[in-house]
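Student: I'd like to go over a predicted model; first the sequence, then the structure.
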Amino acid sequence: MKGMSNILKYFQDPNSKDINRYIDMIKRLDSFVGKHVDTNKSRLNGEIECSYYDYLKECRLSYESKDPTEVFEELSELFKGAVRWNNPGTMININPPANLPAAAAGAYTMFFNPNFAQDMLTGNLIKSELETCKYLAELAGWDWESSQGIFTFGGKSTVMYAVKVGLQKCSQDIGKKGAKEDIFVVSTSQGHPCHAEVCDWLGIGKDNCLKMPVDEKGRIAIEESEKIISERIESGGILACILANGGTTIQMTVDPIKEVTEMRDRLARKFSLNYLPHVHVDSVIGWTWLFFEHYDFEKNPLGFDTKVLTKIRAMFLRVSQITYADSFAADFHKTGFCPYVASVFMSRDKTQMYGLGNVEPIELNELEYGNYSPFQYTLELSRAGTGPVSALTTLKCFGYEGFQKVIGSLMTVGEYIKAAINENSEFEVINNETEGFVTLFIIRQPGENIKYKEISDMDSESAARTAEYNYYFYLYLIDKQAKGECTFVLDYSEGYDKTKSGVKIGVLKAFPMSPLADAENMRGIINELFEIKKEYDLCREDFSPCEVLHKPRAFVCR
Ligand SMILES: *Cc1c(COP(=O)(O)O)cnc(C)c1O
């Protein structure tokens, strides 16, 4: 065919084992993107065009093929404003910088493009999934030989797996006939929003994801919950699954997992259920604390300060109760510092995993190359190998100790931020007790002496004023950031709380995720924050945000 060579050069020559063209393409793309990188900033430089409509209007796909270099130059425009998660001042949410060996191994894996639908399409590579899951089972204190894990497309889909296993347990025919009964799922008021969303996707309905009440620490209130669940069962409800928290996104709240399983057992006895409702721990963030299993908390070899050590230990003891649950999940793309996406759903009993596809379990000693076909029971059909390869690379590179250092360092920085912010009387940290590393805070007008706790009792007008003052400060920050006048990025948690008069209160949030954050660079960032606050107070009256990257919904919603 005429001109084929033009297109064939986009593929690796089967007669060559030279990978340099691949690496060279990455370098070429970087030569364009790199120009936008300012090592002092949280985002890549360059204007971000705000209206997608204006952008899309001008987009035309060419008829002719284009040279990759030309395409990379165009593509580099899209990297403008991209977030540099490794920057210590990038404190938005639980988005990690990808560790280099994991990103490299993941990118290299793409070159061979294995399909983790079944082992035949991956060669040995699928062992990376089996091996990672063995380590996770061991971290949970489970018998790795009878458990099974699977990589999937996100923390959200790990919850989907859990609820699906629960459905399978409570209603044998559900796979064939669909849900006929009044099925419900239990989460808590602190549970991730995706718990209810998953119930929607699975046809159970959001309203049938019951949000249990919590105690003052945000943990499930067992007694009250047991009553609510009992009432629902008495009126014909069928409990498929309990979703316990194993480290919530912001406050790192962990439910009393053992007590939750005991409550489940009591309910099963009381109502003579012919199945055990499934107990899953949504530990997509909290799982990494399991690496403190062998940490000598007495000798404290990594030298954490007392406060940090106490919090880590308390968190570890709570998370390690995962051992009592039926399943749990780990997001390597969160506290595992892997590139997206790398989520694992772990089932203590592998027959339940195979049951998802109605297939007979294969005994571990019979599982061998040629008969391992996860696609029979996974939600996905084609599955990427980048997640498992990145995850295993990270586990091996970091080891137990590496995870202890990374988590310990984020905890140390989190405590540092709280202490530093509390020193300024125009700031107030509102989550000093958290066992996570997020700092939530509010700001006050100069000379004002309102405490966060008092906002709750304010009349709606005063509360709204305080709320707006904080919200506009956040807008002021992103405005500065868009103009390149601010080196850090914070986040804002809208509707974090509600006053007695019904006004929604949002708070500012500093979520450090870079292992390269330390007291020294944080000092600089916090000083910058204090300076910007002074500046804001001077121009508060005239400020109207213009170049806003991300506009959260209005602060006050009534
Ligand atoms: C992030 C998160 C999820 C959703 O996970 P994705 O990987 O974003 O799909 C679920 N639960 C908790 C507690 C989370 O923090």
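Tutor: Good, I have the coordinates. Numbering: from 1, shown residues only.
Student: and the residue lying closest to Pro256 once chain neighbours are set aside, what does it touch?
Tutor: Nearest non-adjacent residue to Pro256, counting by C-beta to C-beta, 6 or more residues apart in numbering: Arg219, 6.1 Å away. Heads up, the C-betas are built off the backbone N, CA and C, glycines and all. Neighbouring residues of Arg219 by C-beta atoms under 8 Å, 6 or more residues apart in numbering: Thr188, Gln190, Asn245, Thr253, Val254, Asp255, Pro256.
Student: so can I have a markdown table of those residues showing pLDDT?
Tutor: Below are these laid out as a markdown table (pLDDT from 0 to 100):
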| residue | pLDDT |
| --- | --- |
| Thr188 | 98 |
| Gln190 | 96 |
| Asn245 | 98 |
| Thr253 | 97 |
| Val254 | 98 |
| Asp255 | 98 |
| Pro256 | 98 |
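Student: Tell me which two of those residues sit farthest apart.
Tutor: Greatest spatial distance among those (C-beta to C-beta): Gln190 and Pro256, at 12.9 Å.
Student: residue ranges for the strands of the stretch 51-200 of the chain, please.
Tutor: Assigned by DSSP state E, counting those that start in this stretch, the strands in the stretch 51-200 of the chain fall at 148-152, 183-188.
Student: In this structure, what residue lies closest to the ligand?
Tutor: Among all residues of the chain, Gly155 sits closest to the ligand, at 2.2 Å; criterion: C-beta to the nearest ligand atom.
Student: doesn't Thr335 make contact with that residue?
Tutor: No. Assessed by C-beta atoms under 8 Å, Gly155 is found out of contact with Thr335, at 11.1 Å.
Student: excluding its backbone neighbours, what's nearest the residue of the chain closest to the ligand?
Tutor: Once flanking residues are discounted, Gly155 sits nearest to Val284: 3.8 Å by C-beta to C-beta, 6+ apart.
Student: mind listing what the one you found touches?
Tutor: Counting by C-beta under 8 Å, 6+ apart, Val284 has contacts Gly155, Thr158, Gly246, Gly247, Ala329, Ala330, Asp331, Lys334, Ser343.
Student: Check for me that it belongs to a strand.
Tutor: No. Applying DSSP: H, G, I helix; E, B strand; the rest coil, one finds Val284 to be coil, outside a strand.
Student: near the ligand, anything from stretch 483-497?
Tutor: No. Judged by C-beta under 6 Å from any ligand atom, stretch 483-497 and the ligand are separated, with a smallest distance of 13.2 Å.
Student: Only alpha carbons, please: show the helix or strand of the chain with the lowest mean pLDDT as PDB.
Tutor: For the chain, counting by mean pLDDT, DSSP states H and E, strand 491-498 ranks last in confidence among helices and strands (a mean of 84). Only the C-alpha atoms of strand 491-498 are listed here, as PDB (Å, rounded to 0.1, in the frame of the first residue of the first chain):
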ATOM      1  CA  ASP A 491      -8.700  23.500  49.100                       C
ATOM      2  CA  TYR A 492     -12.100  24.500  50.500                       C
ATOM      3  CA  SER A 493     -14.600  22.100  51.900                       C
ATOM      4  CA  GLU A 494     -18.000  23.500  51.100                       C
ATOM      5  CA  GLY A 495     -20.900  22.600  53.400                       C
ATOM      6  CA  TYR A 496     -18.500  21.100  55.900                       C
ATOM      7  CA  ASP A 497     -20.900  22.000  58.700                       C
ATOM      8  CA  LYS A 498     -24.300  23.600  59.300                       C
END
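Student: So what are the sheet partners of that strand and their directions?
Tutor: strand 504-510 (antiparallel) (DSSP bridges).
Student: Kindly report the residues of the stretch 101-250 of the chain close to the ligand.
Tutor: Checking the stretch 101-250 of the chain against the ligand by C-beta under 6 Å from any ligand atom, the hits are Gly154, Gly155, Lys156, His192, Cys194, Thr248, Thr249.
Student: Kindly recompute the last result at 8 Å.
Tutor: 153-159, 191-192, 194-195, 245-249 (C-beta under 8 Å from any ligand atom).
Student: Looking at those, spot the one nearest His36.
Tutor: Closest to His36, out of all of these and judged by C-beta to C-beta, is Gly154, at 28.2 Å.
Student: Now that closest one, what are its backbone angles?
Tutor: Main-chain dihedrals, Gly154, degrees, to the nearest 10: phi 160, psi 170.
Student: quick one: which of the contacts of Val284 is most hemmed in?
Tutor: Ala330 (32 neighbours; other C-beta atoms under 10 Å).
Student: List the neighbouring strands of the helix or strand hosting that one plus their orientation.
Tutor: Using DSSP states H and E, Ala330 maps to strand 327-331. Paired neighbours of strand 327-331 in the sheet (DSSP bridges): strand 278-282 (parallel), strand 343-347 (antiparallel).
Student: so where's this structure shaky on pLDDT?
Tutor: 49-50, 545-558 (pLDDT under 70).
Student: thought Asp459 was touching Ser501?
Tutor: Yes. Look at Asp459 against Ser501 with C-beta under 8 Å: they come within range, at 6.0 Å.
Student: Could you check which of these two has the larger neighbour count?
Tutor: Counted by other C-beta under 10 Å, Asp459 and Ser501 do not tie: Ser501 has more neighbours, with 15 against 11.
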